[in-house]
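Engineer: Would you be able to build a 3D model of this:
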Amino acid sequence: MILNELAQRNLPDVLTPEGEWNEQRRAEALDLAARTVFGHRPPPPEKMEFKEYAPAECAFPEDYHDPDTLAYFKDGRAAHTKIRAVCHLSEARFPGLKNFPEAGGAFEFDVYCFLPKTAPGEKLPAVAAICGLDVFTTRALPVKLLMEKRVAVFAFRYRHIVNDYPERINPDKHCPEFDNTGLDRLFFGDFRLRDNPSARAGDDPGTIAFWSWGASRVMDYIQTQGARVDLSRVLVSGHSRLGKTALLTGALDTRFALAYPNGSGAAGACLSRGDRKQDLQAMTGWASPWFCENLKTQHNSPLYDMHFLMACVAPRKLYIGNSDQDEYCDHDSGYLACVAAGEAYKRMGLKGFVHPDRLPHTGDKLHDGEIGYHLRPGSHSFTAEDWTMMLEFFLK
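Structural biologist: Numbering: from 1, shown residues only. Below is the predicted model:
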């Protein structure tokens, strides 16, 4: 049944003409993702520097929305610090620097770190969490749950990298305080991404590529924490547009052991061909410049669909979280994307996506392969239930 469903989608084959998945094919898939959907991600900094804030600047706000989490940290069962990540850039890689001398050749943003109390020599798995709201405001990051599962958290707010402008569809959610502070100005030398995104070259980065750059800088910091973090067990997470970002990051940055795009929909862990809710063409009319300009003309490319990017995570783990009433995400297309991407894993001698021969049912939790999946009841949201099921897969 599943093979018949896939055949109806008329997908391009993720494998080579010889039926292989190898480094060359992976490089081709990543290049297609850059040229077709996201744009090429900005280059890494020349060097990174990390500055720890004073304890008084790191405290939880007293009106934090979850009193139980607040008590958990006050009792000393976990600790919180805040780090300033200073990314030293070069004009050769970021030519826009010359137009913004006040930046001093660097870009800075904050990383919020939450770690459970550890025994001597204990090393924790960790998550680099891409957050939509302020880390102390969002309910999509269940800090106490992660502490109880003994997972270190390194979180950042995506708008600190590049604002999600312009929020024409949600003007009440626009945050103009970030309009003039993004990395994009140092890359382009102006505010074209904010004011005139169509002035970009076709494969110049959209906002998702910039946000993904930020997630890899968080991983740069995590790499300095090997005394208390198990560097072989670090995942990257995000929801919705940030789920797309988590998938792109996991595909590009092989230091991550698992990519977790939750509710990522079109241009995320979901096939575009046959999608009943949003496909890549729908993304070309989106109000915010999440993608590269080329997507406007290449959204129906015969060479590419999103299972290519999912396959680029192989042989590392990939976890897909969906909900049955999500108004943006076609869960059947997400499920079939897992099946199609699983072929790359199989060519590497792995299980890939282990699934019944049918489309997904609400309540499915499929954890037997390197690609994990769940479909829970509910709407477009990121809940403790999602985290619990993903952690069950990740920590097994």
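
Engineer: What segments of the stretch 101-250 of the chain are strands?
Structural biologist: Read by DSSP state E, counting those that start in this stretch, the stretch 101-250 of the chain holds these strands, from start to end of the chain: 106-116, 124-131, 152-157, 229-239.

Engineer: Same list (the ones you listed) but as a markdown table, adding mean neighbour count.
Structural biologist: In short, each C-beta sits where N, CA and C put it, glycine included. Converted to a markdown table, the strands of the stretch 101-250 of the chain look like this (neighbours: other CB atoms under 10 Å):
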| stretch | mean neighbour count |
| --- | --- |
| strand 106-116 | 21 |
| strand 124-131 | 25 |
| strand 152-157 | 24 |
| strand 229-239 | 23 |
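
Engineer: need those strands in CSV with mean pLDDT, can you?
Structural biologist: Below are the strands of the stretch 101-250 of the chain laid out as CSV (pLDDT from 0 to 100):
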stretch, mean pLDDT
strand 106-116, 97
strand 124-131, 98
strand 152-157, 98
strand 229-239, 98
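
Engineer: now the ones you listed in JSON lines, with distance to residue 387?
Structural biologist: Converted to JSON lines, these look like this (distance: least, CB to CB, whole Å):
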{"stretch": "strand 106-116", "distance to residue 387": "14"}
{"stretch": "strand 124-131", "distance to residue 387": "9"}
{"stretch": "strand 152-157", "distance to residue 387": "11"}
{"stretch": "strand 229-239", "distance to residue 387": "8"}
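
Engineer: Quick one: closest of those to residue 98.
Structural biologist: In terms of CB to CB, the element of the strands of the stretch 101-250 of the chain nearest to residue 98 is strand 106-116, at 13.9 Å.

Engineer: Which elements pack onto the closest one?
Structural biologist: Taking 3 or more CB pairs under 8 Å, 6 or more residues apart in numbering; DSSP states H and E as contact, the helices and strands that strand 106-116 lies on are strand 78-88, helix 143-148, strand 152-157, helix 207-222.

Engineer: Could you rerun that using 10 Å?
Structural biologist: For strand 106-116, the elements it packs on are strand 47-52, helix 67-74, strand 78-88, strand 124-131, helix 143-148, strand 152-157, helix 183-188, helix 207-222, judged by 3 or more CB pairs under 10 Å, 6 or more residues apart in numbering; DSSP states H and E.

Engineer: picking up where we left off before, right, and the strands of the stretch 101-250 of the chain - which one's nearest residue 46?
Structural biologist: strand 106-116 (9.6 Å).
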